[in-house]
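Visitor: Next one to model:
(chains A and B)
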Amino acid sequence: MNFYFMLRVPGLRGFVDLANFPPVALAGYQPTEAVAHVLWSDGKAWQVRDLASLPAGGSLRVREADLPADCPDPDEAGVFLCMTQSRLPRSLDALPQPDQPPTVPAWRANIGLASASTSVSYVGEYPAAMTRIPKGSLVSFSPFLQVGDDIDTKLLLVNLRHAPDQGTGTVSFADPVTRQVQAEARVRQNHVSVISLADLLPAPPGVCVSCSRDIAGIPLYLSHDPEGRELSLEHTHPPLEMALFGDRPKMQQNLKRWWFGRLVDADA
Amino acid sequence: MRSLLSAWLDNPLGDRVRHLLGHNPPRVSRPMRKASVVSDIFPWRVDDTWETRFELMNVPSFLMPETAGPDRVEFQIFDSGGRLVHAFLKDVAPFTRVQIDLAEHLSGHCGYGGFACFHAGGGAPGLKAAASHLCERGYVGFKRRHDKVWSYVHGNQAALASPGWRGVPELIHGWAAGDQVYRPQLSFDDCLAAEIFLTNPTARRQAMTLNALDAARNPVARRRAEIPPGGSILVDFDIRAYDIRYVECVGRPNMWRPVVFKHYETHFDVLHS
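Guide: Alright, predicted model coming up:
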């Protein structure tokens, strides 16, 4: 039901550990071999390449170096992965339907980055349901930006859409106390956009509000020293995780409307 | 009859009855009081090697910005047996965060355990209107004393509901009638050693089994323990000695997901599984 993504950050090497086993016992689930695919958008279609077979109950590490030779450079397109039980055509008009059954928690992969001396990872996914959001928006509150003292934090914004679009969106970074937008960055659809916050926010607020009116996605924050000897990677929760039970989507909708209406441009 | 029973039990008291009857028990029970606030139990580890800090945000102001005000947070720290080590209040201004260094609040305790944060404003109109409860699921940072960069993991297990300052929190995470298996979807064969951190988010003492498996999913090592309510355990595996590739957590708590520390020659990685 889900997709995964390769993080491609200059100076580091991305990897994804795909798991061909569910996180919990499922009634009627029959373990079967799966085919791992890599996908990218060329703007008109999804390009699909078979990578390898995964035995039932097994896992596979896909390294950046394992990507096919015709895979575009990191600046050109984002690279996504999925698993199905059968091979796929080399080109598709829309994302395929991965075969894994729905699970709680979601069927995920271990997604990470490595340098010569260290590595970092997190267990996550890009939910298939999120790929069908017509337009999307984003509000993310990050209290753990590490900038200064020779440490940089990069925002890695993952966006995946059902159609092979290559549009762009804008992410604003704001101080929630002053509500001033301190910086903006362009990000791309069907991509993992990499934005260095040390360049944009030399003195970030204690909690940084990252928001976009025109693109959805999963915000990951990568902190590292200049040599890549120490790495830290974590995503922020969607705002509705600050509430439990009840009409959480409604609360999130209200919250987004408020923040979108109150943030003011830096030069306003 | 079955649907009538389900409708009759669709309330916080019913959640507890469903647990007692074993009738479709919820993953997490709704707090008994509408104004209760909820917190995960977050892991801490502090000793000669490890430091832990928490990014304590004024969560009510971010969730309900139209009524933003100062937040008074009750911070509770537990030892590995689930016993309260220290409780204190911390004020957080609207739209800000305070960094809590756990070592400063442990009164000399070291080792590992759990902690929880209960925000003010549980009875806010926005929450009442949505029939929701404020929930702290924030970000814990770990680092070894010589590291510069903090490694963060977010909370992933709603566990405690508090009616307010000095009120006794209730463990609300559910459990099943029999053992369930949780399989973290990651492989361990790239590291030298791993530590599995589990808290017991339920109101009952829970037996836990951790199975370490090789690449063919054959069991190669096993650890068993009992964890008291609100307690925690840190289990280490020598990955290379046992050729371990996967780990399974077996126990009755719903979605019993551990925090994993993976240790390499030069570094560590911490992640929620």
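
Visitor: In chain B, where is pLDDT below threshold?
Guide: Counting by pLDDT under 70, chain B contains low-confidence ranges at B:1-2.

Visitor: what's the residue closest to the geometric middle of it?
Guide: The residue lying closest to the centre of chain B (C-alpha atoms, centre = their mean) is B:Ile41, at 3.3 Å.

Visitor: from memory it sits against B:Phe78, does it?
Guide: Yes - at 7.4 Å, B:Ile41 counts as touching B:Phe78 under the criterion of C-beta atoms under 8 Å. Every residue, glycine included, has its C-beta placed from N, CA and C.

Visitor: Can you pull the residues that touch both of those two?
Guide: B:Gly114, B:Phe115, B:Ala116, B:Gly230, B:Ser232 (C-beta atoms under 8 Å, 6 or more residues apart in numbering or on different chains).

Visitor: Can you say which two of the residues you listed are spatially most distant?
Guide: Farthest pair in the shared contacts of B:Ile41 and B:Phe78 (C-beta to C-beta) is B:Ala116 and B:Ser232. Separation: 11.9 Å.

Visitor: Give the residues shared as contacts by the two.
Guide: Taking C-beta under 8 Å, 6+ apart as the contact rule, the neighbours common to B:Ala116 and B:Ser232 are B:Ile41, B:Phe78.

Visitor: tell me which element A:Gly228 is part of?
Guide: For A:Gly228, there is no helix or strand it lies in under DSSP states H and E.

Visitor: What distance do you get for it to B:Pro125?
Guide: 48 Å (C-beta to C-beta, to the nearest Å).

Visitor: now do A:Gln97
Guide: Here A:Gln97 is placed at a distance of 42 Å from B:Pro125 (C-beta to C-beta).

Visitor: just A:Leu160 next, same as before
Guide: Going from A:Leu160 to B:Pro125 by C-beta to C-beta gives 37 Å.

Visitor: The two: who's more crowded?
Guide: More crowded of A:Leu160 and B:Pro125, by other C-beta atoms under 10 Å in any protein chain shown: A:Leu160, with 24 against 10.

Visitor: A:Ala129 is in contact with that one, correct?
Guide: No - with contacts counted by C-beta under 8 Å, A:Leu160 stays clear of A:Ala129, the gap being 11.1 Å.

Visitor: which stretches of the stretch 101-250 of chain A form helices?
Guide: A:197-200, A:248-262 (DSSP state H, counting those that start in this stretch).

Visitor: Please apply the same query to the stretch 1-150 of chain B.
Guide: Counting by DSSP H, counting those that start in this stretch, the stretch 1-150 of chain B has helices at residues B:2-8, B:12-21, B:59-63, B:125-130.

Visitor: could the shared contacts of B:Ile41 and B:Phe78 be laid out in CSV, adding neighbour count and distance to A:Val181?
Guide: Formatted as CSV, those follow (neighbours: other C-beta atoms under 10 Å in any protein chain shown; distance: C-beta to C-beta, whole Å):
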residue, neighbour count, distance to A:Val181
B:Gly114, 26, 38
B:Phe115, 24, 34
B:Ala116, 25, 34
B:Gly230, 26, 42
B:Ser232, 27, 41
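
Visitor: what's the closest of these to A:Arg213?
Guide: Among those, B:Ala116 lies closest to A:Arg213 (C-beta to C-beta), at 35.3 Å.

Visitor: Let me see the contact set for the closest one.
Guide: Contacts of B:Ala116 (C-beta under 8 Å, 6+ apart): B:Ser39, B:Asp40, B:Ile41, B:Phe42, B:Phe75, B:Gln76, B:Phe78, B:Glu136, B:Ala159, B:Leu160, B:Ser162, B:Pro169.

Visitor: at 6 Å what do you get?
Guide: If you count contacts by C-beta atoms under 6 Å, 6 or more residues apart in numbering or on different chains, B:Ala116 has them with B:Ser39, B:Ile41, B:Gln76, B:Leu160.

Visitor: how many neighbours does the closest residue to it other than its chain neighbours have?
Guide: Setting aside the residues directly before and after it, B:Ala116 is nearest to B:Ser39 in space (C-beta to C-beta, 6 or more residues apart in numbering or on different chains), at 3.9 Å. Residues lying near B:Ser39 (other C-beta under 10 Å) number 28.

Visitor: Any regions of chain A where pLDDT drops low?
Guide: Along chain A, the parts satisfying pLDDT under 70 run over A:1, A:266-268.

Visitor: now do 90
Guide: The model of chain A has pLDDT under 90 over residues A:1, A:97-100, A:134-135, A:147-150, A:198-199, A:201-204, A:262-268.

Visitor: Quick check: closest non-adjacent residue to the residue nearest the centre of it.
Guide: What sits nearest the mean C-alpha location of chain A, by C-alpha atoms, centre = their mean, is A:Val158, with 3.1 Å. Once flanking residues are discounted, A:Val158 sits nearest to A:Ile218: 4.4 Å by C-beta to C-beta, 6+ apart.

Visitor: now A:Ser91
Guide: A:Ala45 (4.6 Å).

Visitor: Am I right that that neighbour is in contact with A:Ala94?
Guide: No - here A:Ala45 lies out of contact with A:Ala94, judged by C-beta atoms under 6 Å, at a distance of 9.0 Å.

Visitor: end to end, how far does stretch A:29-43 reach?
Guide: 36 Å (C-alpha to C-alpha, to the nearest Å).

Visitor: Would it count as contacting chain B?
Guide: No - Stretch A:29-43 stays clear of chain B (C-beta under 6 Å from any C-beta of the partner chain), getting no nearer than 9.9 Å.

Visitor: What are the buried residues along that stretch?
Guide: Neighbour counts over stretch A:29-43 (16 or more other C-beta atoms under 10 Å in any protein chain shown) mark A:Ala34, A:Val35, A:Ala36, A:His37, A:Val38, A:Leu39, A:Trp40, A:Ser41 as buried.

Visitor: With stretch A:92-105 instead?
Guide: By neighbour count on 16+ other C-beta under 10 Å, the buried set for stretch A:92-105 is A:Leu95, A:Pro96, A:Pro98, A:Gln100, A:Thr103, A:Pro105.

Visitor: picking up where we left off before, put together CSV for the shared contacts of B:Ile41 and B:Phe78, with distance to B:Tyr242 on each row.
Guide: Shown next, in CSV, are the shared contacts of B:Ile41 and B:Phe78 (distance: C-beta to C-beta, whole Å):
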residue, distance to B:Tyr242
B:Gly114, 28
B:Phe115, 32
B:Ala116, 34
B:Gly230, 31
B:Ser232, 23
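
Visitor: What is the nearest of the residues you listed to chain A?
Guide: Nearest to chain A among those is B:Ala116, at 13.6 Å by C-beta to the nearest C-beta.

Visitor: sorry, back to before: just checking, the residue nearest to A:Val158 touches A:Leu157?
Guide: No - between A:Ile218 and A:Leu157 there is no contact under C-beta under 6 Å: 7.5 Å.

Visitor: Settle it for me: which of the two has more neighbours?
Guide: Counted by other C-beta under 10 Å, A:Ile218 and A:Leu157 do not tie: A:Leu157 has more neighbours, with 25 against 21.

Visitor: Who does that one form a beta bridge with?
Guide: Beta-bridge partners of A:Leu157, counted by DSSP bridges, are A:Ser193, A:Pro219.

Visitor: what's the distance between it and A:His191?
Guide: Computed as C-beta to C-beta, the A:Leu157 to A:His191 distance reads 8 Å.

Visitor: Show me which residues of the stretch 1-150 of chain A sit near chain B.
Guide: Near chain B, when you scan the stretch 1-150 of chain A using C-beta under 6 Å from any C-beta, you find A:17, A:19, A:23, A:25, A:57, A:59, A:108, A:110, A:117-118, A:120-123, A:141, A:143-144.
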